[in-house]
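Q: got a sequence here, can you model it:
(2 chains)
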Amino acid sequence: MERRYLLGNEAIAHACLEAGVDFVCGYPGTPSSEVIDTLRMQPDRSYYLEWSVNEKVALENALAAAWCGVRALCTMKHVGLNVAADPLMTSAYTGVTGGLVILSADDPFAHSSQNEQDTRCYAHFARIPCLDPASVQEAHDMIPKAFALSEEFGLPVLFRPTTRICHSKGDVELGDIVKSTRKAEFHKDPRQYVVIPAHTRILHKKLNEKQPALRRRLVELGFNRCEIRGKTAVISSGIGASYVEELLPPGISFMKIAAYPLDEGWLAVFVQKHERVLIIEELAPEVEEIVRQVAGTVPVFGKKNGYAPYEGELSPTVVAAIMEKAGFIKNPLSAPQPVPDVPARPPILCAGCLHRSAFYAIRKVYKDAIYPSDIGCYTLGLQLGAVDTTICMGASITNASGIAHSGEPRDVICTIGDSTFLHTGIQGLLNAVYNNANMTVVILDNRITAMTGHQPNPNTGATACGVETPPVSLDAICRACGATFVETIDPYDVTGMINLLQEAKKRSGVKVIIAKQMCVIMARRQGVKRGRYTVNPEACTGCGTCVRFGCPAIEFADDKARINELCIGCAVCASLCPFGAIVREGKK
Amino acid sequence: MSSSFDILIVGIGGQGTILASNILGEACLIENRHVKGAETHGMAQRGGSVESHIRIGGEHGPLIPPGQADLLISFDLLEALRYSHFLKRDGRLVTNRRMVLPTSVFTQKAMVPQEEDILASLKRFNLRVLDAESLAIQAGSPLSQNVVMLGAASSAMPLKPESLVEAVKRLVPKKTLDINVKAFEAGRAAGGKS
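A: Prediction:
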């Protein structure tokens, strides 16, 4: 046993080693990415590991491995589970023999996500168990049990940490790492693995028959527990339970839910012993719905009668307010307000980021156009007026073709990153070319999945474990989809990119421009040095052209521009300056 | 209510708040104390405002409620102002004097409060302001500012300086070990008594 101060995701990764995991795959997505990033950096790996190209691909891989009797982990963020929903729903029917844990990390408050969906609803929908940890230690301790539970019931198990688990830290008691001795073997059984109608009807019945025993087992295993301390009770789940425990005065009963499906009988016994029950859970009213079914005449306080919010994340402050509103406590927290009017400091594209220069060129050529975009660092192009839509991975190209075919008369030019294009962008391109859309696609190709922490993808030239692979040709993919105008350019060459965009604008059909340049963070790590640029104050007229470019390396003081130490030497601002006032450091 | 000693470290993505929080966590392990924390990841490294919560002796959730922090360590003066409502009434505030202007100041002409106005507003706390950059340069590298700041705030922490120094030694890259130990000591000398 060892105690270490770990990030939630690192603790989860270590627990997978303790469970002797055999097969690991997933697609990066905040807040889930560090689980695989930790596992892929382990020395002496005894398990197979890959970054898959998307979540559906990942889950189908992991499911098949689990059919062979080995333990498989598949990780993604909550919205990734939508992509994987097709195999997920039927994986409950086929079941597994080796343990399959699907980690789907939720992001209440949408810290870095497009929505606040609740993975617990998917578990309910698919009729598979879901574990919902309240702390880093609990997340760690649950993982080996999740694999065992998956094997006991022959069902995939959804594991649902939230941002405040994944990116929380704590002193964690770790167990010993176990090297797996499982031997993979696929036992042919068409009635289990070939879901033709005659088979699937029987499998559906079997899945439903597993439910009562599963509900009882989750109580036996101690995931869900309760303590009667008085006539009123608070029921809470996930990270919310830790905030409740921090605030709960003595004399109020407490039930902590960490696993689904819930055992209604067990729940009813607890609820019926109280005069008033308050439910505090993040996002969907999963627990509340069932409590209301079993509560009879016991008054229930929760989201459905306005005591708790449906949206956002819980915090001690929010939980204290809910408990006070429901008349359970007097709020012990003072609530000082932030100082007003402090200028915001949102995340911005890095100094020298290729996306900024690509957006600049796009806006120069396509002045009055629609700009669908996608999920990645480049969504920050919103600040540059170059992002009009973002909905989900790969949707820039399909939104663009939809707008183009809708009758909207303006030009449509969309942006998508290389990893997102390979994730679910290709089908959209194929569709747009097939159906003769009039639009331009700019693939912002920085060779890496940058926003989630620089994970490699098929475009990088290396696997998750650092094994060299031939980088895929985006040009060849686009041409194979039928696009005939496919050009690659370095977006630091703004003039060249503007010329290319003008060429594209003249043509009809689907035009593809691949704007290729290394991510500046990767360039720095790989020791690329370009030399900084500086402003010649005698030549600078203070016109502000460079400042409006929006690079954090460019400041403005005393009516002159100034370049700070963030400059990486991309030289784009030097090419924009109408007065030639921006020059390489050390040159005049 | 929680009996933990709550520390909030704030700054800008890239200034080393996460390493600073790891050093505090490691020092807690050395002293065999429970610790909980929460931090911003992902988009945060793109120059945005970042916060790390550390609750020494924490038994429950990782988040410090506003008005409850015992100590606020800020790597940037503007961020000290932004997060000052997290401090309790008589809380200790240790901040860097330097302020990186948000890009919105140049691109959208956003107004930034003047240094003297910020300092006047923060005077209601037990305030210490220092120039972490010069101290870090004196110690051998401007990159050691985060360790300077930890040193400066260390007298307010319920942790022994020896444990913090040991934690620094365990977590910083080997070749910068001497610089960081010097940075810690320089910060500690400049931070004064809480």
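Q: so which residue is dead centre in chain B?
A: Nearest to the geometric centre of chain B sits B:I73, at 3.1 Å (CA atoms, centre = their mean).
Q: check which helix or strand it maps to.
A: strand B:69-74 (DSSP states H and E).
Q: show residues contacting that strand.
A: Strand B:69-74 has contacts (CB atoms under 8 Å, 6 or more residues apart in numbering or on different chains) with B:5-11, B:20, B:80, B:83-84, B:86-88, B:91-96, B:125, B:149-150, B:152-153, B:156-157. Using the backbone N, CA and C atoms, a C-beta is placed for each residue, glycine as well.
Q: quick one: pLDDT of the residue nearest to the centre of chain B?
A: Here the pLDDT value assigned to B:I73 is 98.
Q: ok, what's across the strand from it?
A: Following DSSP bridges, B:I73 is listed with bridge partners B:I9, B:V94.
Q: got a ChimeraX select line for the buried ones in the contacts of strand B:69-74?
A: Selection of buried members from the contacts of strand B:69-74 for ChimeraX, criterion 16 or more other CB atoms under 10 Å in any protein chain shown:
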select /B:5,6,7,8,9,10,11,20,80,83,84,86,87,88,91,92,93,94,95,96,125,149,150,152,153,156,157
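Q: hey, where'd the strands end up in chain B?
A: B:5-12, B:35-39, B:49-56, B:69-74, B:87-96, B:126-130 (DSSP state E).
Q: out of the ones you listed, flag the one nearest A:H199.
A: Among those, the nearest to A:H199 by CB to CB is strand B:35-39 (46.8 Å).
Q: packing partners of the helix or strand of chain B with the lowest mean pLDDT?
A: Least confident helix or strand, chain B: helix B:104-107 with a mean of 81, by mean pLDDT, DSSP states H and E. For helix B:104-107, the elements it packs on are helix A:545-548, strand A:554-557, judged by 3 or more CB pairs under 8 Å, 6 or more residues apart in numbering or on different chains; DSSP states H and E.
Q: run through who's touching that helix.
A: Defining contact as CB under 8 Å, 6+ apart, one finds that helix B:104-107 is touched by A:P343, A:A344, A:R345, A:V547, A:R548, A:G550, A:I554, A:E555, A:F556, B:A110, B:M111, B:V112.
Q: which element, helix or strand, includes the third one?
A: Assessed by DSSP H and E, A:R345 sits outside every helix and strand.
Q: ok, it - contacts?
A: Neighbouring residues of A:R345 by CB under 8 Å, 6+ apart: B:I12, B:G47, B:G48, B:S49, B:L78, B:E79, B:R82, B:P102, B:S104.
Q: and what of the second one?
A: Listed by CB under 8 Å, 6+ apart, the contact set of A:A344 reads B:S49, B:P102, B:S104, B:A110.
Q: isn't the second one right up against B:R82?
A: Read that as B:P102. No - assessed by CB atoms under 8 Å, B:P102 is found out of contact with B:R82, at 10.4 Å.
Q: that older thread, filter the contacts of helix B:104-107 to the buried ones?
A: Among the contacts of helix B:104-107, those buried by neighbour count (16+ other CB under 10 Å) are A:P343, A:R345, A:V547, A:G550, A:I554, A:E555, A:F556, B:A110, B:V112.
Q: can you list the residues you listed in JSON lines and add distance to A:K145 and pLDDT?
A: Formatted as JSON lines, the buried ones among the contacts of helix B:104-107 follow (distance: CB to CB, whole Å; pLDDT from 0 to 100):
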{"residue": "A:P343", "distance to A:K145": "47", "pLDDT": "92"}
{"residue": "A:R345", "distance to A:K145": "42", "pLDDT": "89"}
{"residue": "A:V547", "distance to A:K145": "56", "pLDDT": "93"}
{"residue": "A:G550", "distance to A:K145": "49", "pLDDT": "91"}
{"residue": "A:I554", "distance to A:K145": "53", "pLDDT": "94"}
{"residue": "A:E555", "distance to A:K145": "54", "pLDDT": "92"}
{"residue": "A:F556", "distance to A:K145": "58", "pLDDT": "91"}
{"residue": "B:A110", "distance to A:K145": "50", "pLDDT": "83"}
{"residue": "B:V112", "distance to A:K145": "52", "pLDDT": "91"}
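Q: all good on my end, thank you.
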